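Provided below for reference: sequence and predicted model.
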Amino acid sequence: MKPSNSRTRLVMGNWKMHGSLQTNAVLLDAIKAGLATSPVVGELALCVPYPYLAQAQSALAGSAVSWGAQDVSASAQGAYTGEVSAAMLKDFGCTWVLCGHSERRALHNESSAQVATKAIAALAVGLTPVVCVGETLADRDADDVECVIADQLDPILALGAESLSRLIIAYEPVWAIGTGRTATPEQAQAVHAFIRRELAGEGAGEVRILYGGSVKAANAASLFAQPDIDGALVGGASLVADEFLNIAAV
Ligand code: PGA
């Protein structure tokens, strides 16, 4: 049984580096049209590429869908060519920003300490960081899941209860991202329960913890039924309006 508390379900799309002005317009229109007939349990959000934040803002303002970005600079401003600050994201009405997605950790060598500094930068302007953690298949095979997740969480837990209460954690096993291979609900729940215990140790047991990795309408219900899964971070399926809405309607 899920405790009834402030852990409102959140389904968040992550478009990654997909889309164009034209295809986004079609997708956003379809999502908005679908909202008229498809119920949304809890909150619905989209994290889009930086250049499309203005498009998301103008399409989604006043709708039931909030929006955000997929990364943020750890610095507030200055000579950081190519970076985008948290304040800039606020300028485009963002509510959310992903921090430390596994693709950024793997492809851009982001360390857990850097991820925490990005979360701090986001919190400083009132954005909600969605801090992503997750093990590789090698970690899982070596029975190292809790160790790896604990290491990734350490600098985040060090932020303290007040900051923790203003962020979200996303557990995304790397081996389940974009592979069609979802963690079983029991596998996911076990890690979510571990993360919640770690958070509770800092006085932040009510933080929302999303699951991510090949979530689709067909597997969302069994994931959401787990006591410590508070929603989903959805990649591929967020690019298909019906599928995305069907996940949110579960
Ligand atoms: P996926 O991606 O749903 O395509 O597996 C999830 C993510 O990387 O956030």
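Sure, I can see it.

For the residue nearest to residue 225 when sequence neighbours are not counted, grab the count of nearby residues.
Closest residue to residue 225 apart from its sequence neighbours, by C-beta to C-beta, 6 or more residues apart in numbering: residue 185 at 6.9 Å. Heads up, the C-betas are built off the backbone N, CA and C, glycines and all. If you count neighbours by other C-beta atoms under 10 Å, residue 185 ends up with 18.

Any figure for the gap between residue 185 and residue 208?
17 Å (C-beta to C-beta, to the nearest Å).

Can you name the residues in contact with whichever strand or helix holds residue 31?
Assigned by DSSP states H and E, residue 31 belongs to helix 21-35. The list of residues contacting helix 21-35 from outside it, by C-beta atoms under 8 Å, 6 or more residues apart in numbering, reads 19, 46, 48, 52, 55-56, 59-60, 63-65, 239, 241-242, 244-245.

For the nearest residue to residue 111 once chain neighbours are set aside, the count of nearby residues, please.
Leaving aside its sequence neighbours, residue 111 sits nearest to residue 105 (C-beta to C-beta, 6+ apart; 7.8 Å). Look at residue 105: counted by other C-beta under 10 Å, it has 19 neighbours.

Surely residue 105 is in contact with residue 114?
No - Residue 105 is beyond contact range of residue 114, at 9.1 Å (criterion: C-beta atoms under 8 Å).

Now do residue 233 against residue 81, distance only.
29 Å.

if you count what's nearby, which of those two comes out ahead?
residue 233 (26 against 4).

Pretty sure the residue nearest to residue 111 sits in a helix.
Yes - assigned with DSSP: H, G, I helix; E, B strand; the rest coil, residue 105 falls within a helix.

how near is it to the ligand?
Separation of residue 105 from the ligand (C-beta to the nearest ligand atom, to the nearest Å): 11 Å.

roughly how far apart are that residue and residue 152?
8 Å.

give me every residue that touches residue 185.
219, 222, 223, 225, 226, 229.

Stretch 39-46 vs the ligand: in contact?
No - if you take C-beta under 6 Å from any ligand atom as the test, stretch 39-46 misses the ligand, and the best it gets is 11.9 Å.

mean confidence score for that stretch?
In this model, stretch 39-46 has an average pLDDT of 95.

next one: stretch 82-94
According to the model, stretch 82-94 has a mean pLDDT of 98.

quick one: it to chain centroid distance?
Mean-position distance between stretch 82-94 and its chain equals 17 Å (C-alpha atoms, centre = their mean, to the nearest Å).
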